[in-house]
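> Quick one, what's the 3D model for this:
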Amino acid sequence: MLITKLTLNNFRVFRGVHEIPLAPIAAEINAQGKAKTLPKPIILFGGLNGAGKTSILTAVRLALFGRQSFSQLMSNGEYIEALSELIHKGVGHGGLQDSASIELEFKYSQNGEENTYKIIRGWKRGKKDNLCLEKDGMLIPELNYDQCQGFLNELIPTGIADLFFFDGEKIADLAEDESGTVLKTAVRRLLGLDVIAKLKSDLNIFLKKQGSSALSQSLKEEMELLDEKRISHERNAEKLRCEADIVDTQIGFTSRDILELENKLSQNGGAWAKTREDELQKVDGLLKEKVELEKQIRMEMETSLPFALAPNTMAALLENIKQEQSIKQKQNFGNELNTFLDTLRAKLAFNLSSSAPAAMDAITDSLEEHLGDISQQQLILDISDRQAATIDYQITKQSKESLSRFDKARQHLKKVEEAIDNASNNIARAPEQEQVQTLFADVRKLDKKKEKQITEYHDLLECAKRELRLALETARQIQKLHDKHKDQSNKDQSISNAQNAILLLDKFGEQLTKARVKQLEDEFVQSYKKLARKEDLQITAFINPSSFDVELVDEHGIKINRKAMSAGEKQIYAISILEALGKTSGRKLPIIIDTPLGRLDSHHRDKLVENYFPTASHQVVILSTDTEIDKNYIDLIQDDIARTYEICFDATTKSSKLKGGYFWKSKVEDVA
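You can find the predicted model right below:
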């Protein structure tokens, strides 16, 4: 297949009619006196983000596959709505457009004969699309819409096209497909293995028809009823599965809406609003705790705490009390002794001894000498022993305990006041509940909607499984009836040949699959080594012939986890798989790559530009930004570029035009 021209009319950012020649050209050179023709397969489109590069890829896919070009299953209403969204909406002469169309012209060789086809797909706003097909310039009138689409699907099956017309940033998803479903579909269709399955199915249908002819009329009717029942269950299962896929897509949209609302809620202080009531309750509790702590501090200050605040003064006070207690003891002793001496003098007055007065004087003098000037000292405090003991207990013990309790309460009070300040700041940050109430309500509403959708999704899947089980059970009943009368049916030689053919096809399919898979492994390794960095060159691939899961192994025999690969490594892996599939199948299909280098580092970019683009196919359409295919890469693949276009977006009219050239290269006249 070779795409020669794409014509867009009011499609997305392209207003009016734009004819884009896409056919590669060949360059004539003379080398050592000999003429030589070199192919130039690359068609390079350049455009900034939003200019319309993806529109080119979308147009090709839509022209070929219609409804199946979209990533999800769509009802008729959704498909019509999606088509309406693709009609140009920019501002320009003639007002808002109400119709659009795509024409895709390509050459296709079949059975040794090359023909030129043109697909014409047009639609109006709010209407379903029209489709017609031209062959060698002549309209094919006998094909209606469904037949035209079926013919296109036979030429280029959708499962194959997804691997040749792709977005460089999304194709890496192939690396994460551990089920092997994507690769299995591609291998079967590209390598012709699906033809074997189709032939087996046709032979089974033939056997059933031939077997039915040998049965009685009642058994025929019973089998026909069972077959209708089986078909009904299968169709119901398929319908339920489609409905489940639609609901699954809706779940994705709802999840995205919830995320957007939560982001908006966060930007509006929703995170603070959620805890506003908790913070208010926290502040109330802290304030009560603060009052109790302040009360405790005041109580300590009213008791023994002041003694602990002046330790030096209290020490001096205790010393003074001690001294006064000593003085009072001496004074009391002197007073008691004086009373005793007075009594003694009275008794000695009757004594006529001449020495008695002298003895009394000596005793008095000794007492005065012992007591010194105690009697003359003044008592400032003059407190009792009990009061002195009480003061000593308060200063030496109670004041220390009070100080410890005070210090603990003071530190706790400080933490409580800091917590009150923090909570007050959080409350100040939080908007009033009414400000975010609507957003909270919307999030809760979407959560309930998502839960309902998930329940509906699982219910639909269960119903689909139940219908499939019923279909399988019905098929087993039909097979039992066939087996019951197998001997009579096998008398016919054609039936015997068909049964043998089915057995042979099973063996042939198994052997062919193994051979093709082995060839695919070899082609993948060669392609990967060509595109990978030096440190990745020792990788080996093994493909399971049954599940088609790809296992990557390094030089040490250790399995590589594909999910752990970087985005760039996944893209290189996926492109290597695609190139290997193309070479193994022998099919010649164009390759269209949108955003080819976005996820790659400089080493991978160099490898891809130098070793993949020039040889990927006979026609390689690249849709790039100026930061992907830059001046250095242009110089590197200059000899392989057939055409260059720049997509220029006009912000005034909100539309794009195509010009010859590529960014910094000189511009020529607008492309029609």
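> out of everything not next to it in sequence, what's closest to I251?
Setting aside the residues directly before and after it, I251 is nearest to Q453 in space (C-beta to C-beta, 6 or more residues apart in numbering), at 4.8 Å. Heads up, the C-betas are built off the backbone N, CA and C, glycines and all.
> How many residues are close by the one you found?
The tally of other residues near Q453 (other C-beta atoms under 10 Å) stands at 19.
> now swap in I231 and tell me
12.
> Please enumerate residues in contact with the host helix or strand of F106?
In this assignment (DSSP states H and E), F106 forms part of strand 99-110. Residues outside strand 99-110 that contact it (C-beta atoms under 8 Å, 6 or more residues apart in numbering) are 1-11, 59-60, 62-64, 83, 86-88, 114-125, 155.
> buried residues in that strand?
100-106, 108 (16 or more other C-beta atoms under 10 Å).
> Over to stretch 289-302?
So, applying 16+ other C-beta under 10 Å, buried residues of stretch 289-302: 289-290, 293, 296-297, 300.
> Out of the residues you listed, which comes closest to F164?
The closest of these to F164 turns out to be E289 (C-beta to C-beta; 71.8 Å).
> Closest to A346 out of the buried residues of strand 99-110?
Proximity of those to A346, judged by C-beta to C-beta, is greatest for A100, which lies at 145.6 Å.
> If the closest one is in a bridge, with which residues?
According to DSSP bridges, the residues that bridge with A100 are W123.
> Mind pulling the model confidence for it?
At A100, the model reports a pLDDT of 94.
> likewise C648?
Model confidence at C648, given as pLDDT, is 92.
> Apart from its neighbours in sequence, what residue is nearest it?
Nearest non-adjacent residue to C648, counting by C-beta to C-beta, 6+ apart: K657, 5.4 Å away.
> hang on, that neighbour in a helix?
No: counting by DSSP: H, G, I helix; E, B strand; the rest coil, K657 falls outside a helix, being strand.
> I'd like the distance between it and R466.
Separation of K657 from R466 (C-beta to C-beta, to the nearest Å): 55 Å.
> still on that earlier bit, R599: which of the buried residues of stretch 289-302 is nearest?
Nearest to R599, judged by C-beta to C-beta, of the buried residues of stretch 289-302 is E289 at 56.4 Å.
> Pick out whichever of K657 and R466 has more residues nearby.
A side-by-side neighbour count of K657 and R466, using other C-beta under 10 Å, places K657 first with 19 against 14.
> for A310, phi and psi?
Per-residue torsions, A310: phi -130, psi 70 (degrees, to the nearest 10).
> Let's see the distance spanning stretch 108-118 from one end to the other.
By C-alpha to C-alpha, to the nearest Å, the extent of stretch 108-118 from end to end equals 11 Å.
> Start at 53, not 1
OK, 53 is where the count begins now, so the last one is stretch 160-170.
> So for that stretch, what gets flagged as buried?
Quick answer for stretch 160-170 (16+ other C-beta under 10 Å): 160, 169-170.
> Just list whatever residues bridge to P73.
Note on P73: beta-bridge partners K57, judged by DSSP bridges.
> wait, the residue nearest to I303 sits on A296?
No: distance between Q505 and A296: 10.5 Å, which falls outside the contact criterion (C-beta atoms under 8 Å).
> what's the overlap in contacts for those two?
With C-beta under 8 Å, 6+ apart, Q505 and A296 have no common neighbours.
> in the stretch 153-302 of the chain, which spans are helices?
Here the stretch 153-302 of the chain has its helices, by DSSP state H, counting those that start in this stretch, at 197-207, 210-213, 233-242, 245-265, 269-319.
> Ok, which of these comes nearest V605?
Here helix 233-242 is closest among these (C-beta to C-beta), at 17.1 Å.
> Show me what the mean pLDDT comes to for that closest one.
66.
> try stretch 650-667
Averaged across stretch 650-667, the pLDDT comes to 81.
> now swap in stretch 161-168 and tell me
On average, stretch 161-168 scores 84.
> Regarding it, how distant is the last residue from the first?
End-to-end for stretch 161-168, by C-alpha to C-alpha: 9 Å.
> Closest to the centroid, which residue in the protein?
Nearest to the mean C-alpha position of the chain, counting by C-alpha atoms, centre = their mean, stands R308 at 10.8 Å.
> Contact partners for it?
Applying C-beta under 8 Å, 6+ apart, no residues qualify as near R308.
> For L498, see how far away it is.
Taking C-beta to C-beta, one finds R308 at 10 Å from L498.
> Now restrict the contacts of strand 151-162 to buried residues only.
Buried, going by 16+ other C-beta under 10 Å: 53-56, 58-63, 111-112, 114-116, 135, 138-140, 169-176, out of these.
> Closest one to F600 out of the buried residues of stretch 160-170, please.
Looking across the buried residues of stretch 160-170 and measuring by C-beta to C-beta, the closest to F600 is Y160, at 27.8 Å.
> From H656, how far out is S707?
Taking C-beta to C-beta as the measure, S707 falls 35 Å from H656.
> and what of L338?
Between L338 and H656 the computed distance is 58 Å (C-beta to C-beta).
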